[in-house]
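J.: output the structure for:
(2 chains)
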Number of protein chains: 2
Amino acid sequence: MSNRTEISSLGEFGLIEHLTKNIELQNASSVLGVGDDAAIIDHFGKQTVVTNDLLIEGVHFDLSYTPLKHLGYKSVIVNLSDIYAMNAIPTQITLSIGISNRFSVEALDEFYEGVYLACQKYGVDLIGGDTTSSQKGLIISVTAIGEVTPDKFVKRSTAQKGDLICVSGDLGAAYVGLLFLERERKIFQESPGVQPDLENETYVIGRLLKPEARKDIIEFLSAEEILPTAMIDISDGLSSEILHICKQSNLGCVLYEEKIPINENMKKAAFKFEIDPTACALSGGEDYELLFTIPQSEYDKLVLNEQISVVGYMTEPEQGAHIVTKGGGKHKITAQGWNHLNH
Amino acid sequence: MSNRTEISSLGEFGLIEHLTKNIELQNASSVLGVGDDAAIIDHFGKQTVVTNDLLIEGVHFDLSYTPLKHLGYKSVIVNLSDIYAMNAIPTQITLSIGISNRFSVEALDEFYEGVYLACQKYGVDLIGGDTTSSQKGLIISVTAIGEVTPDKFVKRSTAQKGDLICVSGDLGAAYVGLLFLERERKIFQESPGVQPDLENETYVIGRLLKPEARKDIIEFLSAEEILPTAMIDISDGLSSEILHICKQSNLGCVLYEEKIPINENMKKAAFKFEIDPTACALSGGEDYELLFTIPQSEYDKLVLNEQISVVGYMTEPEQGAHIVTKGGGKHKITAQGWNHLNH
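T.: Predicted coordinates:
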């Protein structure tokens, strides 16, 4: 960046105006957007879905290897993913940020470029929020709002015994991407002259830095008239998420290691760290894939979709939650997802 | 507090469960609350209003003189105030917090006690949010959602020339309360043995630490069938807020100093700091009163409400924004509200 405009030169309201002046509302339900005490959404005849996430520098992201544009994009995506995980369509977001003087207006513009890119791609409107100073790093709070046909939303607590367990895409790559970036950061700190060697790792790093929400899966389920019995997005790893479904549905489950979708690039990358790709899929976070259960009778409808893998089935609660390994062993599933409170 | 339970002993999900286990949903529109990817609100036949605020330790609050229960209460109130300022009724909130290990579960319970007290008093449901760790102080993000009869929401941009400018309650006290608490904090830092002398200042300190949102004013306006032409809540001081209405409505205004509502306790307290009570009302923040404009024809309807003061009127934009002092002088109004970015 060649220019540096101090944020203080715009003032709080000037900054908000600067950052939001190009917004064009895309949804008819966005009655009133940024610029008042609150935004107005018209959801006549639909149910409203709302979710909120808080992202804190040093906890959820590291600016030393996260481009601001990617961070803006991802901040939106992680919330949209929660809306899709309810079988709903996101329509609006609000975005609040806490920023320190070390950020220039140009840096913020990059961040918002990512935000607007995600909004455009997923057809959601940015309708409000709050901008404030932070003495302590960048803080991002996104609220996403969506709509769903009345009573078509899908909870975590309504899986049934015998239901098939399905996941979208592939798992574990974002975690391996993080391992590479953390390693490069340490190398850079020790030897600032060394160039990073990440060219072969674009897949796993892309999965971490620029995740997508699975709008396509929700559209597919709708087109095929499949209503999952339970659904959750995979932000903390497959183990942690399937245990949420088991606990809230009061059921057990069996997963099959050989059925867990693993990308070839991720597998090669994991081996460079001498770690088990399956462990990454089970315990690595931030994949933002969907995990859902369907009645066995719906199997024929989704078998042709290559983006969906059946990885197991729901059982009686007494049977607990287990994974059958490739070698035929049976192990208890424990939650070892990314638990930010233990960091 | 005699007990101290480490947050890490509960884990993230255990903590969420602990903090939310006593929630009873109050609104029929709260279809699904805490415990899934997102909450579900049914707003059939109403328009949805949404607002989001981010509160950061060291910027928006100082824990050395802010009891956690008050902080929880206020975190909700500042968002509800934004919903009322749209002439809407708040129905739900989401709450996300970033916390460090220095907080015990008991400390968080105190914070949530204040949150639930505000929810109960204002009839709103806590329906979701996010709990994460923060290495950098306490971070609070609240999203409030409300409903309004279609097209009865009141914007900032629709004041009309000749409209009367009204404010609820009294102004400036929260700012004077802050001055006292900041002074006591400094005295305490220099001489930890000295007891604070705040007994006579309960009014101004209460206005800062435990503000209320003006639900009563919105109910009064509805009962009297008064639809304001423009409305905003006073979070940054009267000057800053009336300038928002002027700018967005493309109008000027005249305020009369003698009409600005000042509480007697606040006046005495301001004199102890040798500052002008009117300056506090104009530039002090965090009063959370409502500022609104009404057609002159509606004046008779509100004249009997002692909680509403008429402080001026809207003019042609060419006349600018001015205040007429008690001495008869006329001064340009400038925004000197609490601008967190300049701190």
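J.: for A:Leu181, what are its contacts?
T.: A:Asp62, A:Tyr65, A:Leu198, A:Ile205, A:Leu208 (C-beta atoms under 8 Å, 6 or more residues apart in numbering or on different chains). The C-beta positions use only the backbone N, C-alpha and C, and glycine is treated the same way.
J.: considering the residues you listed, which possesses the most neighbours?
T.: A:Leu208 (26 neighbours; other C-beta atoms under 10 Å in any protein chain shown).
J.: that one should be in a strand, yeah?
T.: No: A:Leu208 sits outside any strand when classified using DSSP: H, G, I helix; E, B strand; the rest coil, being helix.
J.: what residues are up against it?
T.: Taking C-beta under 8 Å, 6+ apart, we find A:Leu208 in contact with A:Ala173, A:Ala174, A:Tyr175, A:Gly177, A:Leu178, A:Leu181, A:Glu286.
J.: do that again at 7 Å, thanks
T.: With contact set as C-beta atoms under 7 Å, 6 or more residues apart in numbering or on different chains, A:Leu208 has these partners: A:Ala174, A:Gly177, A:Leu178, A:Leu181, A:Glu286.
J.: and those, which two are the farthest apart?
T.: Using C-beta to C-beta, the contacts of A:Leu208 reach their maximum pairwise distance at A:Leu181 and A:Glu286, which is 12.1 Å.
J.: what does the stretch 51-200 of chain A put close to chain B?
T.: By C-beta under 7 Å from any C-beta of the partner chain, the part of the stretch 51-200 of chain A that sits against chain B consists of A:51-54, A:56, A:58-59, A:82-83, A:85-86, A:94, A:96, A:98, A:128-130, A:132-137, A:139, A:141, A:143, A:145, A:153, A:155-156.
J.: of these, grab the buried ones for PyMOL.
T.: Buried members of those, defined by 16 or more other C-beta atoms under 10 Å in any protein chain shown, are picked up in PyMOL with:
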select buried, chain A and resi 51+52+53+54+56+59+82+83+85+86+94+96+98+128+129+130+132+133+134+136+137+139+141+143+145+153+155+156
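J.: which of the residues of the stretch 51-200 of chain A next to chain B fall in helices?
T.: A:Asp82, A:Ile83 (DSSP state H).
J.: quick check: buried residues in the strand or helix carrying A:Leu15?
T.: Using DSSP states H and E, A:Leu15 maps to helix A:11-20. Buried residues in helix A:11-20, counted by 16+ other C-beta under 10 Å: A:Glu12, A:Phe13, A:Leu15, A:Ile16, A:His18, A:Leu19, A:Thr20.
J.: dump these to CSV, plus distance to chain B and pLDDT.
T.: Putting the buried residues of helix A:11-20 into CSV (distance: C-beta to the nearest C-beta, whole Å; pLDDT from 0 to 100) gives the following:
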residue, distance to chain B, pLDDT
A:Glu12, 5, 69
A:Phe13, 8, 70
A:Leu15, 7, 74
A:Ile16, 10, 70
A:His18, 12, 81
A:Leu19, 13, 75
A:Thr20, 14, 77
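J.: endpoint to endpoint, stretch A:259-266 covers what distance?
T.: In stretch A:259-266, first residue to last residue: 16 Å (C-alpha to C-alpha, to the nearest Å).
J.: give the buried residues for that stretch.
T.: Buried residues in stretch A:259-266 (16+ other C-beta under 10 Å): A:Ile260, A:Pro261, A:Ile262, A:Asn263, A:Asn265, A:Met266.
J.: repeat for stretch A:191-210
T.: Across stretch A:191-210, burial judged by 16+ other C-beta under 10 Å covers A:Glu201, A:Tyr203, A:Val204, A:Ile205, A:Gly206, A:Arg207, A:Leu208, A:Leu209, A:Lys210.
J.: got the CA positions of that stretch in PDB?
T.: Provided in PDB are the C-alpha atoms of stretch A:191-210 (Å, rounded to 0.1, in the frame of the first residue of the first chain):
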ATOM      1  CA  SER A 191      15.300 -16.200  10.100                       C
ATOM      2  CA  PRO A 192      13.500 -13.200   8.500                       C
ATOM      3  CA  GLY A 193      15.400 -13.700   5.200                       C
ATOM      4  CA  VAL A 194      14.100 -17.200   4.400                       C
ATOM      5  CA  GLN A 195      11.400 -17.300   1.700                       C
ATOM      6  CA  PRO A 196       8.300 -19.400   2.600                       C
ATOM      7  CA  ASP A 197       7.900 -22.700   0.700                       C
ATOM      8  CA  LEU A 198       4.200 -23.000   0.400                       C
ATOM      9  CA  GLU A 199       3.600 -23.400  -3.300                       C
ATOM     10  CA  ASN A 200       2.600 -27.000  -3.100                       C
ATOM     11  CA  GLU A 201       0.200 -26.300  -0.200                       C
ATOM     12  CA  THR A 202      -2.200 -24.000  -1.900                       C
ATOM     13  CA  TYR A 203      -5.100 -26.400  -1.300                       C
ATOM     14  CA  VAL A 204      -4.800 -26.700   2.400                       C
ATOM     15  CA  ILE A 205      -3.900 -23.100   3.000                       C
ATOM     16  CA  GLY A 206      -6.800 -22.000   0.800                       C
ATOM     17  CA  ARG A 207      -9.100 -24.100   2.900                       C
ATOM     18  CA  LEU A 208      -8.000 -22.200   6.000                       C
ATOM     19  CA  LEU A 209      -7.800 -18.700   4.700                       C
ATOM     20  CA  LYS A 210     -10.700 -18.600   2.200                       C
END
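J.: how does chain A divide into domains?
T.: Domains of chain A are assigned by automatic domain parsing as A:7-148, A:164-342.
J.: of the ones you listed, which approaches B:Lys301 most closely?
T.: Smallest distance to B:Lys301 across these (C-beta to C-beta): 23.2 Å, for domain A:7-148.
J.: and that closest one, how far out from the chain's middle?
T.: In terms of C-alpha atoms, centre = their mean, to the nearest Å, the centre of domain A:7-148 is set 15 Å apart from its chain centre.
J.: what's the burial count for A:Glu24?
T.: Using other C-beta under 10 Å, A:Glu24 is surrounded by 9 other residues.
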